[in-house]
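>>> Below are the sequence and a predicted model for it; my questions follow.
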Amino acid sequence: MLSSTIIEIDGIFLGAAILLGPHGRRRFYAAHDRVRALHNVVMPDLGHLHVHVAAQFRKNARQDPASQV
């Protein structure tokens, strides 16, 4: 592992983006249930990964009845 970047949305820690090599590709290590489906997904860069993680998190937040409380 070369380095990693924390991914959080709205102050909630979701996981880490792990740099795979010199070309910027990142692998996502999911730490939150709402983004578990993206665990080990590889994206071309941090920007793409962050957008996908945020979309998955917000999509699952709308579907989670506990988040409506």
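Done, it's in. Since the model is a prediction, treat every value here as computed from it, not as a measurement. Numbering: from 1, shown residues only.
>>> When you work out contacts or count neighbours from here on, use the C-alpha atoms and nothing else.
Noted.
>>> The longest strand seen in the chain pairs with which strands, parallel or anti?
Ranked by number of residues, the top strand in the chain under DSSP state E is strand 12-19. Strand 12-19 has its sheet partners listed here by DSSP bridges as strand 4-9 (antiparallel), strand 26-30 (antiparallel).
>>> Enumerate the positions of it that are buried.
14-19 (16 or more other C-alpha atoms under 10 Å).
>>> could the residues you listed go into CSV alongside distance to residue 8 and pLDDT?
As requested, the buried residues of strand 12-19 are exported to CSV (distance: C-alpha to C-alpha, whole Å; pLDDT from 0 to 100):
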residue, distance to residue 8, pLDDT
14, 5, 98
15, 7, 98
16, 9, 98
17, 11, 98
18, 14, 97
19, 17, 96
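>>> Same list (those) but as a markdown table, adding distance to residue 62.
Shown next, in a markdown table, are those (distance: C-alpha to C-alpha, whole Å):
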| residue | distance to residue 62 |
| --- | --- |
| 14 | 16 |
| 15 | 20 |
| 16 | 23 |
| 17 | 24 |
| 18 | 27 |
| 19 | 30 |
